[in-house]
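Enquirer: I would like to see how this sequence folds:
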Amino acid sequence: MLFLIPGLMLAHPMGNFSVSHYTHLEVRGQGIEARYVLDLAEVPTFEVLRDWKLGAKSSRAELLAKGREQMRTWAGNLEFRANGRSVPAAVEEVDLALTDGAAGLPVMRISARLSVDAPAGELTFEDHNYAERAGWKEIVIAVSAGGTLSKASQSSEERSQALTAYPADPLAAPPQDLRAALTWT
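Expert: Purely as a prediction, here's the structure:
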């Protein structure tokens, strides 16, 4: 095990114990659509696969089925409040990818499209999944046709391209955003 540790330390850009978060909130004419992504490094991927009683070589169908089930739990840990009232996020689509990490251990990237049936006005968001884990925690707020954004706590700037391209500058501090607020019509 001691021989594996140096290889693990160089694995994931945020560290092999990290869980990175990306939330893209898009204001639309009839509500909010959210794209939610978790990028689990080697250790949390191992923990999730163990809990699912699956492995990296399990069939894609088995992995996606467990991923959909897990995403419903994770979506339940996303707190959306519209004008002070709690509103749930409905899981519309889920995708999951396992890739090779350090020392032959897999890393998992799981993403979902969520719909939030929120009336116009103030919306607050808080992500309670893996809040204590180190990682990149980015929130992007955008508007599409049919919606108007009058106030937002974050911008529409994409820094990591939904956790697919972390900035190369080692001195750049990763964002730590797990909360957002916006006002829309």
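Enquirer: Mind pulling up the pLDDT for the residue nearest the centre of the chain?
Expert: Centroid-nearest residue in the chain, with CA atoms, centre = their mean: Val37, separated by 2.7 Å. Note for Val37: predicted pLDDT of 98.
Enquirer: And the next helix or strand past the helix or strand hosting it?
Expert: Here Val37 sits within strand 31-40, counting by DSSP states H and E. Remark: after strand 31-40, the chain's next helix or strand is helix 42-52, criterion DSSP H and E.
Enquirer: Quick check: which ranges of the chain have low pLDDT?
Expert: In the predicted model of the chain, residues 1-11 satisfy pLDDT under 70.
Enquirer: So in it, which helix runs the longest?
Expert: The longest helix of the chain (DSSP state H) is helix 60-76.
Enquirer: Return the list of helices and strands in contact with the host helix or strand of Glu138.
Expert: Taking DSSP H and E as the criterion, Glu138 maps to strand 137-143. The contact analysis (3 or more CB pairs under 8 Å, 6 or more residues apart in numbering; DSSP states H and E) places strand 137-143 against strand 19-28, strand 149-152, strand 179-184. Yep, even glycine has a C-beta here, placed from its N, CA and C like the rest.
Enquirer: buried sites along the first one?
Expert: So the one you mean is strand 19-28. 19-28 (16 or more other CB atoms under 10 Å).
Enquirer: got the residues you listed as CSV, with distance to Glu79 columns?
Expert: Formatted as CSV, these follow (distance: CB to CB, whole Å):
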residue, distance to Glu79
Val19, 18
Ser20, 19
His21, 14
Tyr22, 17
Thr23, 12
His24, 17
Leu25, 13
Glu26, 18
Val27, 18
Arg28, 20
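Enquirer: Mind picking the two most distant members of those residues?
Expert: Spanning the widest gap among these are Val19 and Arg28, at 28.0 Å by CB to CB.
Enquirer: from what I can see Lys66 touches Arg50, true?
Expert: No. Counting by CB atoms under 8 Å, Lys66 sits too far from Arg50 to count as a contact (11.6 Å).
Enquirer: Compare those two (neighbour count), which wins?
Expert: Lys66 (18 against 10; other CB atoms under 10 Å).
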